[in-house]
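**Student:** dropping a prediction and its sequence here:
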Amino acid sequence: MSAAEALKIAESRNLDLVKIAPAAKPPVCKIMDYGKFRFEKAKREKEARKNQKVVEIKEIRLSLNIDTHDFETKVNHARKFIGSGDKVKVSIRFRGREMAHPELGLTIMNRCAEAMADVAAVEKPAKLEGRQMLMFLAPKSSK
């Protein structure tokens with residue numbers, strides 16, 4: 001039907017004529033209450049935003065010569081972060097002569113990954129970047 005005819009029908013029903021596919025030949029239109037449509041769309045988007053969880057990245061710093069109790073404390077903190085749904089960045093900063101032994105840092109990182117294996121999965125394995133070794137842990141998906 002012609003656009004003028006459709007507009008006349010829409011006005012007689014106190015509704016709006018909305019173009020759904022303006023690029024189509026001929027353009028596709030729909031008769032609807034546009035204000036109500038926009039309100040419901042905004043309401044759906046607000047509800048979707050409410051249900052979203054923003055994932056933060058928390059960091060724990062280990063050292064090359066960390067003691068067992070200090071290590072366990074750091075792992076427990078990381079467990080809390082993982083439990084609340086955040087990702088964890090585990091880092092070791094090498095100072096001075098420690099740069100000569102990156103394999104020691106790798107063993108500490110592997111020990112940390114093993115300690116967290118029940119709640120977290122390694123997202124990015126340990127990698128030396130400059131004077132810092134980084135590893136990322138993410139919560140295990142509960143499927």
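**Tutor:** Right, received. Where do you want to start? Please read these numbers as outputs of a predicted model, since none were measured by experiment.
**Student:** wait, is L17 part of a helix?
**Tutor:** No - assigned with DSSP: H, G, I helix; E, B strand; the rest coil, L17 falls outside any helix and is strand.
**Student:** beta partners of it?
**Tutor:** I31 (DSSP bridges).
**Student:** and the gap between the residue minimising distance to the centre of the chain and F136?
**Tutor:** Central residue of the chain (CA atoms, centre = their mean): V55, 4.6 Å from the mean position. Between V55 and F136 the distance is 12 Å, computed by CB to CB, to the nearest Å. (Glycine included, C-beta is placed from N, CA and C.)
**Student:** and for N14?
**Tutor:** Where F136 is concerned, N14 sits at a distance of 57 Å (CB to CB).
**Student:** equivalent analysis for H101, please.
**Tutor:** 23 Å.
**Student:** likewise for L15?
**Tutor:** 53 Å.
**Student:** more neighbours: which of those two?
**Tutor:** F136 (19 against 15; other CB atoms under 10 Å).
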